[in-house]
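Chemist: got a predicted structure plus its sequence, pasted below:
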Amino acid sequence: MSLTLPAGVALPVTASALVLAQQPGDGDNGGQGEDFGKSSPVGFLVLILFLIAVAFLVRSMTKHLKRVPASFDEPAEKTEPAPAGGESQAKAEPVEEPKAVEDTSPAKAD
């Protein structure tokens, strides 16, 4: 079994294959001219400026990070240590209970 194309189809197929297989001539090189891939001095200057800006940003960030506290928890209240005698001499302060507030506004009659 062999694959043969009819005569009406063979010509367009071979013509399109020849067009697709052509190498670029001395016309358009697809934007890859003589200076393709080379950097200009202006591009190098912009790159150096970006690197300097990044260095200043890193320096600023490290300064700010040094100011951040190790923990954001509220500090515990300082308590005095118990005396070495074994007995605690701390005075217990009486706790005041809140007083009930009486309603002094005049009552509305319905």
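Modeler: Ah, there it is.
Chemist: mind checking the pLDDT average for stretch 10-30?
Modeler: Mean pLDDT, computed over stretch 10-30, is 70.
Chemist: hmm, I was thinking of stretch 39-46
Modeler: pLDDT averaged over stretch 39-46 gives 89.
Chemist: over to stretch 56-75?
Modeler: Computed over stretch 56-75, the average pLDDT equals 92.
Chemist: in it, what's buried?
Modeler: Neighbour-count burial for stretch 56-75, counted by 16 or more other Cβ atoms under 10 Å, picks out no residue. To be clear about C-beta, it is placed using only N, CA and C from the backbone, and glycine gets the same treatment.
Chemist: show the end-to-end separation of it, please.
Modeler: 34 Å (Cα to Cα, to the nearest Å).
Chemist: begin at 401 from now on, thanks
Modeler: Understood, numbering begins at 401; the last thing we discussed is stretch 456-475.
Chemist: can you show me the helices along the protein?
Modeler: Counting by DSSP state H, residue ranges of the helices within the chain are 407-420, 441-467.
Chemist: in TSV: those helices, plus distance to Gly433.
Modeler: Listed next are those as TSV, based on distance: least, Cβ to Cβ, whole Å:
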stretch	distance to Gly433
helix 407-420	24
helix 441-467	16
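Chemist: so for Glu477, which of the ones you listed sits nearest?
Modeler: helix 441-467 (24.8 Å; Cβ to Cβ).
Chemist: circling back to that earlier point, nearest to Asp473, out of the helices of the chain?
Modeler: helix 441-467 (17.2 Å).
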